[in-house]
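J.: Attaching a predicted model along with its sequence, questions to come.
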Amino acid sequence: MIPYQKFTQCTDINGYVPNHAGFYISVGVLAVMVGAALATLVSFALIPTIISGLIALVLGVIAFCTWYLYHRLICLNPTEVCAIGVVTGVLHPTPQTIAGKAGDNDATLNILLAPGPLNYGQDISEYTSHVQGNLIAAQVQLTNAGLPYVTSSASTDDFNHRKGLHCEFEGDGIAILLAFAEAILVLLIAILALTVLAGPWAAPLIWLLAIIAAMLGASGLFNDLANPPVAQGTDLQGNPGNVAKGQIVLVSGDWIYDGGHDGWNEIHAVHNCQIISDQVLDLSDSNVAWPSEISGMPFVTDADVSAVVNFWCGMLSQAGGAVKGGTMTNPANNWVVHPLVDGCNQSPVIV
Amino acid sequence: MSSVLSGRARSVESTGFIVNWIKFILHVLVQILKALAYGWIVALVKLLKRLYRILKAFCAYLKLSHWEQETAGDNCCKFTNPAYHRPDPCIYDQYYLMSLNIAVTWDNPDITLLRGGVVVAEHSLLPNTEYEIDATIWNNSFLAPVVGMQVNFGYLSFGVSTVLHPIGSTLVNLGVKDGPGCPAVAKMLWTTPSTPGHYCIQVRFSCPDDANPNNNLGQNNVDVVPALSPANFTFALRNQTKTANAYTFEVDTYAIPASPPCSDTIAQDQGTFAERLKKIQAIHNRANFPVPEGWTVHITPAEVTLIPDEETEIAVSVTPPTGFVGTIPFNFHAMYGKRYAGGVTVYVSKT
């Protein structure tokens, strides 16, 4: 059991590379230059030139993955943040979504933050003016640096990301794609070297390497597409639960600005998501309201919501500390039915 | 002689292994020949069909707006990302343990009664007197705490499936497994009824998105009877189902064994829940705790049919062997068909 998956690394503003045409053009030019240089070295012979082109292509993939993982997200807070909201949409990774996001198999939730509006039809100030509103509000350090936030002039769908909080549960799609690309690159270089430098005796070896490279390439291309990853839930008896629209959840994780879109804040990666109320809100009902109590505490005013968020956040922090302290590997905690039924006695430690 | 035989057996075994290995190699060679002859075309067609399906779905997906893409997965499937955590508050729940075919005692180790801060025996409660009930609640989740969980207390007449009288409710916060705040102790003050008698205590709780809601009901049904010759006592049996049932009884002398040192259990505590359950069942097997030799137990009536809500008195007579000194627990479980209705534990004692 792993607490959460994380493959991206957010950066500060100085390490950020924006997602616009310039980025793709520069990566493309770099790849073409490498391919052309290699082709020149091998005097434009047909096979070596094709291999050079493939190397250039793989370099482009590596460049894209590196950007996607390490230069796309800007850190907004050095430590994890917590939020309570109601789920308005869930994205389960499917072949279509994975292909549509260039191999990214993240699962996502969109939540409306408490105690704000329970629909997306209000003015943006209604969503940012309450106690949790800063999580979705434009951040001064970014706007001062000239980074954009999506505005009401954009599509309604995109603008909704400014009204609710987008939360991403990371999958390993891009990290695996990067690993495939790196392995293929090595093989392609070896093939190119053998093709140019070695005699006819190397032909079987070249073919073998080419087959391996092709298999790796195919695996990388189809990675996760046909069978999206299914991670284990925390239920030890194999009964996964479900997060669905209308449920009230607590989410904690890295608070970032996602430059891969038109500009909004997210929780990315989610470290913890937990359903904290039995009540499921019917968001299609115009009279729907937040419950007046959550977890035995009042949940009406900004101060109430702040108290509930802070209390839950404290409990999660203790849980994280316990896991870091080794609770998951301590044999005394390895019971699954009841500590007195299948637990054990830890020998006292003499210091 | 035996070593010669075992040597021959090994020789036969190794011959069989070699034959199997040769068969396997031939199979692989045939498979490769088939693949080279025509298998690759079949595989290619399959791959192309798969690619076509993915591309078709991808094109349909691309036609959706970004917002629609993020909500396309709503209610389609279970959400099982590892960052999604579910709590599992639990108590020594006899009904759950019996459903797993694990022997139980009705002397619940997680429920204690105190008066003036001192633990008291349940069989010697004074009428119209205030006691404190302490219920120890564990969390089987390393990652998901519980905040503001309602714990309900009640009492019943000494017996099986008798009528529950609510005592009250309280809220507890439960930390993660082996973290701060776990186990949590829920406390409830209880003034005993003015009618002298023997009572059982029941503790029940629930929380949002409980990974296992079946281990949330603990019951303490205990009496202590002096082993005069014989020890006589009675308990009530009530039919709380909606159909008439024929009840029979099972008796054992199970008591929770002392937990072994962790060093002895590390190896056996690996594996799936089902694999571990088999080992747990072997240790806590009712068949290993029969009525000891020399003891006789008479239950009157040995079988009884009750209509819904009908209650009857069951008389028990336990005769110890001559010269017995000490205390032995007797667990009486009422069953209808193959289902357990409940039970009581009686300590037969002689000094």
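T.: That came through fine. Keep in mind that what you see is a predicted model, and the values were worked out from it rather than measured.
J.: Would you state the helices of the stretch 1-150 of chain A in chain order?
T.: Applying DSSP state H, counting those that start in this stretch to the stretch 1-150 of chain A gives helices spanning A:21-41, A:46-70, A:95-100, A:124-128, A:140-144.
J.: Among those helices, which comes closest to A:Ile267?
T.: Nearest of the helices of the stretch 1-150 of chain A to A:Ile267, taken as C-beta to C-beta: helix A:124-128 at 15.5 Å. (Each C-beta comes from the backbone N, C-alpha and C, glycine too.)
J.: just checking, what packs against the closest one?
T.: For helix A:124-128, the contact count by 3 or more C-beta pairs under 8 Å, 6 or more residues apart in numbering or on different chains; DSSP states H and E identifies helix A:156-163 as packing neighbours.
J.: Tell me the buried residues in the helix it packs on?
T.: Buried residues in helix A:156-163, counted by 16 or more other C-beta atoms under 10 Å in any protein chain shown: A:157-163.
J.: so which of those residues also contact chain B?
T.: Checking the buried residues of helix A:156-163 against chain B by C-beta under 8 Å from any C-beta of the partner chain, the ones in range are A:157-158, A:160.
J.: Out of those residues, which is nearest to B:Glu130?
T.: Among these, A:Asn160 lies closest to B:Glu130 (C-beta to C-beta), at 56.7 Å.
J.: pLDDT weak spots in chain B?
T.: Residues of chain B that meet the criterion pLDDT under 70 lie in B:1-51, B:53-54, B:57, B:65-80, B:224-229, B:265-270.
J.: tell me the domain boundaries of chain A?
T.: As assigned by automatic domain parsing, chain A contains the domains A:20-71+A:173-222, A:78-171+A:241-327.
J.: Quick one: closest of the ones you listed to B:Asn331.
T.: domain A:78-171+A:241-327 (33.3 Å).
J.: Skip the chain neighbours and tell me the closest residue to the residue of the stretch 201-350 of chain A found nearest chain B.
T.: Chain B sits closest to A:Gly296 of the stretch 201-350 of chain A, with a gap of 2.7 Å, by C-beta to the nearest C-beta. Computed as C-beta to C-beta, 6 or more residues apart in numbering or on different chains, the closest residue to A:Gly296 that is not its neighbour in sequence is B:Gly148, at 2.7 Å.
J.: Need phi/psi at the one you found.
T.: Per-residue torsions, B:Gly148: phi 60, psi 40 (degrees, to the nearest 10).
J.: surely the residue of the stretch 201-350 of chain A closest to chain B meets B:Gln150?
T.: Yes. In this structure, A:Gly296 is within contact of B:Gln150 by C-beta atoms under 8 Å, at 7.2 Å.
J.: Need the overlap of contacts for these two.
T.: Shared contacts of A:Gly296 and B:Gln150, defined by C-beta atoms under 8 Å, 6 or more residues apart in numbering or on different chains, comprise B:Leu171.
J.: How about the secondary structure of the residue nearest the centre of chain B?
T.: Centroid-nearest residue in chain B, with C-alpha atoms, centre = their mean: B:Leu97, separated by 2.8 Å. The three-state label given to B:Leu97 by DSSP: H, G, I helix; E, B strand; the rest coil is helix.
J.: mind listing what the nearest residue to it once chain neighbours are set aside touches?
T.: Leaving aside its chain neighbours, B:Leu97 sits nearest to B:Val104 (4.9 Å; criterion: C-beta to C-beta, 6+ apart). If you count contacts by C-beta under 8 Å, 6+ apart, B:Val104 has them with B:94, B:97-98, B:254, B:331, B:343.
J.: ok, now with 7 Å
T.: B:94, B:97-98 (C-beta atoms under 7 Å, 6 or more residues apart in numbering or on different chains).
J.: Out of the residues you listed, the closest to B:Gly175 would be?
T.: B:Leu97 (23.6 Å).
J.: low-scoring pLDDT stretches of the stretch 201-350 of chain A, where are they?
T.: In the stretch 201-350 of chain A (pLDDT under 70), the answer is A:216-240, A:348-350.
J.: For it, just list every one of the helices.
T.: A:203-222, A:302-324, A:339-342.
J.: rewinding a little: surely the residue nearest to A:Gly296 is in contact with A:Phe299?
T.: No. B:Gly148 lies out of contact with A:Phe299 (C-beta atoms under 7 Å); the separation is 10.6 Å.
J.: So for those two, which residue has more residues nearby?
T.: Taking neighbours as other C-beta atoms under 10 Å in any protein chain shown, B:Gly148 and A:Phe299 compare with A:Phe299 leading, 21 against 18.
J.: Please name the residues that touch that one.
T.: A:290-293, A:305, A:308.
J.: which bits of the stretch 201-350 of chain B sit near chain A?
T.: Within the stretch 201-350 of chain B, the residues that sit near chain A (C-beta under 7 Å from any C-beta of the partner chain) are B:208-209, B:211-212, B:256, B:259-263, B:265-266, B:269, B:273, B:276, B:280, B:284.
J.: any idea which strand is longest in chain A?
T.: strand A:264-280 (DSSP state E).
J.: How about that strand and chain B, touching?
T.: Yes. Residues of strand A:264-280 are located near chain B by C-beta under 7 Å from any C-beta, namely A:270-278.
J.: Just say which of the helices of the stretch 201-350 of chain A is most tucked in.
T.: Of all those, helix A:339-342 has the most neighbours on average by mean count of other C-beta atoms under 10 Å in any protein chain shown, namely a mean of 20.
J.: quick one: that helix near chain B?
T.: Yes. Against chain B, helix A:339-342 shows contacts by C-beta under 7 Å from any C-beta at A:339-342.
J.: one step back: can you flag which of the residues of the stretch 201-350 of chain B next to chain A belong to helices?
T.: B:262-263, B:265, B:273, B:276, B:280 (DSSP state H).
J.: Now distance to A:Val86 and neighbour count too, for those residues, in TSV please.
T.: Putting these into TSV (distance: C-beta to C-beta, whole Å; neighbours: other C-beta atoms under 10 Å in any protein chain shown) gives the following:
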residue	distance to A:Val86	neighbour count
B:Cys262	43	18
B:Ser263	48	12
B:Thr265	43	20
B:Phe273	33	14
B:Arg276	38	19
B:Ile280	40	22
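J.: Report the beta-bridge partners for B:Leu113.
T.: Beta-bridge partners for B:Leu113, by DSSP bridges, are B:Val120, B:Ile133.
J.: Would you confirm that it contacts B:Val120?
T.: Yes. With contact defined as C-beta under 7 Å, B:Leu113 counts as touching B:Val120 (5.3 Å).
J.: Please enumerate the shared neighbours of the two.
T.: Joint contacts of B:Leu113 and B:Val120 (C-beta under 7 Å, 6+ apart) are B:Tyr131.
J.: So if I had to pick from those two, which one is more boxed in?
T.: Neighbour count, other C-beta under 10 Å: between B:Leu113 and B:Val120, B:Leu113 has more, with 20 against 16.
J.: residues contacting the more buried one?
T.: B:120, B:122, B:131, B:133.
J.: Kindly recompute the last result at 8 Å.
T.: B:119-122, B:125, B:131-134, B:201.
J.: Equivalent analysis for A:Thr128, please.
T.: By C-beta under 8 Å, 6+ apart, the contact set of A:Thr128 is A:134, A:136-137.
J.: so can I have a markdown table of those residues showing pLDDT and neighbour count?
T.: Formatted as a markdown table, the contacts of A:Thr128 follow (pLDDT from 0 to 100; neighbours: other C-beta atoms under 10 Å in any protein chain shown):
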| residue | pLDDT | neighbour count |
| --- | --- | --- |
| A:Asn134 | 96 | 16 |
| A:Ile136 | 96 | 23 |
| A:Ala137 | 95 | 16 |
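J.: Go through those and say which is closest to A:Ala145.
T.: A:Ala137 (15.8 Å).
J.: one step back: could you export the contacts of A:Phe299 as CSV, including distance to B:Leu156?
T.: Below are the contacts of A:Phe299 laid out as CSV (distance: C-beta to C-beta, whole Å):
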residue, distance to B:Leu156
A:Trp290, 38
A:Pro291, 33
A:Ser292, 34
A:Glu293, 30
A:Val305, 40
A:Val308, 36
